[in-house]
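Student: Below is the structure, and that's it, no one-letter string:
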């Protein structure tokens, strides 16, 4: 373990349309090979599709989807005396947001046949209703943490 203090969090330039840090982080995660304008277009198109389908504010549906997918607990592998245990541990807030964003994008990318903005919109709508692949990933993670609660005393 290093003795110095941890890395300073970087200052994030807010997105031009919504001025939201969460939106900026999401767009940066959607981005591939440095093509930020394409990632922004995909995200904004997805929110427009969400508004069209749900008749609700796209940003509020997006925030609700992130809130529903954020994991509270996760499991970590811990080696104790020759055996490896899945030890449940709490997830800090920045990690919760990062995992939720990653899971939603991964679920959207794993679908095939439609443009990315349509797939992303569909996944956001499902996540806001507590359905879909990203929400299932969260539930599986919580279920695994619950099943391994007996090993919680190995946490340090």
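Tutor: Received, thanks. Small disclaimer: the values here were computed from a predicted structure and weren't measured.

Student: which SS class is the most centrally placed residue in the chain?
Tutor: Nearest to the mean C-alpha position of the chain, by C-alpha atoms, centre = their mean, lies residue 100 at 1.5 Å. Recorded secondary structure, residue 100: helix (DSSP: H, G, I helix; E, B strand; the rest coil).

Student: Distance check, it against residue 68.
Tutor: 8 Å (C-beta to C-beta, to the nearest Å). Yep, even glycine has a C-beta here, placed from its N, CA and C like the rest.

Student: which residues do the two both contact?
Tutor: Both residue 100 and residue 68 are contacted by residue 138, under the criterion C-beta atoms under 8 Å, 6 or more residues apart in numbering.

Student: coming back round to it: for the residue nearest to the centre of the chain, which residues are in contact?
Tutor: Applying C-beta under 8 Å, 6+ apart to residue 100 gives the contacts 66, 69, 70, 71, 134, 138.

Student: burial count for the second one?
Tutor: Using other C-beta atoms under 10 Å, residue 69 has 30 other residues around it.

Student: separation between it and residue 62?
Tutor: 11 Å.

Student: same deal with the fifth one?
Tutor: Applying C-beta to C-beta, the value for residue 134 to residue 62 is 12 Å.

Student: Mind pulling up the pLDDT for residue 21?
Tutor: pLDDT, residue 21: 93.

Student: Perfect, that will be all.
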